[in-house]
Every structure is written in structure tokens, then in C-alpha cells.
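Novice: give me a 3D structure for the following:
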Amino acid sequence: MLAVRLVKLIENHIEQLSRDLSEKVWNSPRCSDLSKVPVSELQARTREIYRNLSDWLLDKAETQLEQRYTELGAARAQQSVAYSHFAWAIISTKEHVRTFVQREGQSENAMELHGELELQLLLGRFFDLVLYYAAVGYDQERNRIGGKQKRRKGDK
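Specialist: All right, here's what the predicted structure looks like:
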């Protein structure tokens with residue numbers, strides 16, 4: 001099955017995909033707020049998203065995605081990263097892996113093309129869930145932080 005072959009191809013190229021994506025994101029003014037995040041953490045998260053991607057594409061365990069990306073959204077809120085910059089980094093990741101799949105897929109027949117299209121749909125679903133759960137975590141943390149600030153103002 002081509003989709004499984006492409007997932008394995010992604011797994012085999014995690015380091016290169018991560019390096020290329022990191023450069024793309026760090027050089028984008030739409031992601032400049034990510035400079036508030038330590039470089040080592042960004043590098044680890046970039047590799048992790050590709051690992052999560054292959055796990056999810058093969059197992060489709062949404063609860064793991066929910067937990068991980070809700071936590072990541074909360075972490076970015078704590079670091080005062082603008083959500084638009086965080087979201088753009090996720091969108092850039094999605095486009096980066098989609099481009100890789102299109103370039104490397106090279107479907108030679110209808111079955112392979114079907115597998116590549118199926119993988120593209122799964123990629124879309126994966127990143128939609130990542131964006132959603134990251135937003136949930138981000139919102140929850142911003143509300144928690146905002147609630148603390150309101151209580152402090154009321155104490156004065």
C-alpha cells in the first residue's frame with residue numbers, strides 16, 4: 001500500500017524534514033513570536049510532530065493527539081506566543097509534509113494514486129485535529145492566566 005510506504009518514507013526522513021521545516025518557520029515573519037521558545041524545544045517539537053504524524057496515520061489514536069497538542073497549546077500560551085504565529089507554524093508543517101509526499105509519492109498507477117490521495121486526506125485530518133486541540137489548550141491556558149490577573153486586580 002502506497003500510503004504505508006509514504007508514511008515509512010516520512011519516518012525515514014524525519015531529521016531532514018525537521019531541519020528544513022525549522023529553517024522555514026524560523027525565517028518566516030508570520031512565526032517570529034516563536035523566538036520566545038527555546039531553540040532546543042522547537043527542534044524537539046518539530047521532530048515530534050512527524051513522529052506523531054506517522055503514529056496517528058497508522059493507529060489513529062485521537063486521545064493521544066488531544067492530550068499532546070492541548071498541552072502544547074497551553075505551553076505556547078504560557079510563553080506568550082501569539083496564537084496566529086503558533087497556528088502558522090502548524091500550517092507550515094502541514095504544507096511542508098504535503099509537499100514532501102507529493103514530490104516523493106510519484107504514483108505510477110491508479111492504485112498508487114488512490115493511496116497518495118488517501119494519505120493526503122489523512123494528513124489534512126491530522127493537522128485539523130492538531131490545530132483544534134492546540135487552540136483548546138491555548139484558550140484554556142489564556143483563560144486560566146486571565147482569571148489569575150483579574151483576581152489580583154480585585155485584591156488591590
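
Novice: gap between the residue sitting nearest the centre point of the chain and Gln102?
Specialist: Nearest to the geometric centre of the chain sits Ile90, at 4.3 Å (Cα atoms, centre = their mean). Relative to Gln102, Ile90 is positioned 19 Å away (Cβ to Cβ, to the nearest Å). Just so you know, the C-beta spots here come from the backbone N, C-alpha and C atoms, and that holds for glycine as well.

Novice: same question, Ser40
Specialist: Relative to Gln102, and taking Cβ to Cβ, Ser40 is found at 31 Å.

Novice: neighbour count: the two, which is higher?
Specialist: More neighbours surround Gln102 than the other of Ser40 and Gln102, with 12 against 8 (other Cβ atoms under 10 Å).

Novice: what is the helix or strand bottoming out on mean pLDDT in the chain packed up against?
Specialist: When each helix and strand of the chain is scored by mean pLDDT, DSSP states H and E, helix 2-12 comes last, with a mean of 73. Judged by 3 or more Cβ pairs under 8 Å, 6 or more residues apart in numbering; DSSP states H and E, helix 2-12 is in contact with helix 39-59, helix 83-105, helix 110-155.

Novice: could you point out which element follows the first one?
Specialist: Taking DSSP states H and E as the definition, the helix or strand that follows helix 39-59 towards the C-terminus is helix 62-78.

Novice: what angle do that following helix and helix 83-105 make?
Specialist: 130 degrees (axes from the mean of the first three to the mean of the last three Cα atoms, to 10 degrees).

Novice: just the CA trace of helix 62-78, in PDB.
Specialist: Extracted as PDB, the C-alpha positions of helix 62-78 are listed here (Å, rounded to 0.1, in the frame of the first residue of the first chain):
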ATOM      1  CA  GLU A  62      -7.100  10.700  18.700                       C
ATOM      2  CA  THR A  63      -6.900  10.800  22.500                       C
ATOM      3  CA  GLN A  64      -3.100  10.900  22.300                       C
ATOM      4  CA  LEU A  65      -3.300  13.800  19.900                       C
ATOM      5  CA  GLU A  66      -5.800  15.600  22.200                       C
ATOM      6  CA  GLN A  67      -3.500  15.300  25.200                       C
ATOM      7  CA  ARG A  68      -0.300  16.200  23.500                       C
ATOM      8  CA  TYR A  69      -1.500  19.200  21.500                       C
ATOM      9  CA  THR A  70      -3.700  20.600  24.200                       C
ATOM     10  CA  GLU A  71      -0.500  20.600  26.400                       C
ATOM     11  CA  LEU A  72       1.500  22.200  23.600                       C
ATOM     12  CA  GLY A  73      -1.200  24.900  23.100                       C
ATOM     13  CA  ALA A  74      -1.100  25.700  26.800                       C
ATOM     14  CA  ALA A  75       2.700  25.800  26.800                       C
ATOM     15  CA  ARG A  76       2.700  28.300  23.900                       C
ATOM     16  CA  ALA A  77       0.100  30.500  25.800                       C
ATOM     17  CA  GLN A  78       2.400  30.400  28.900                       C
END
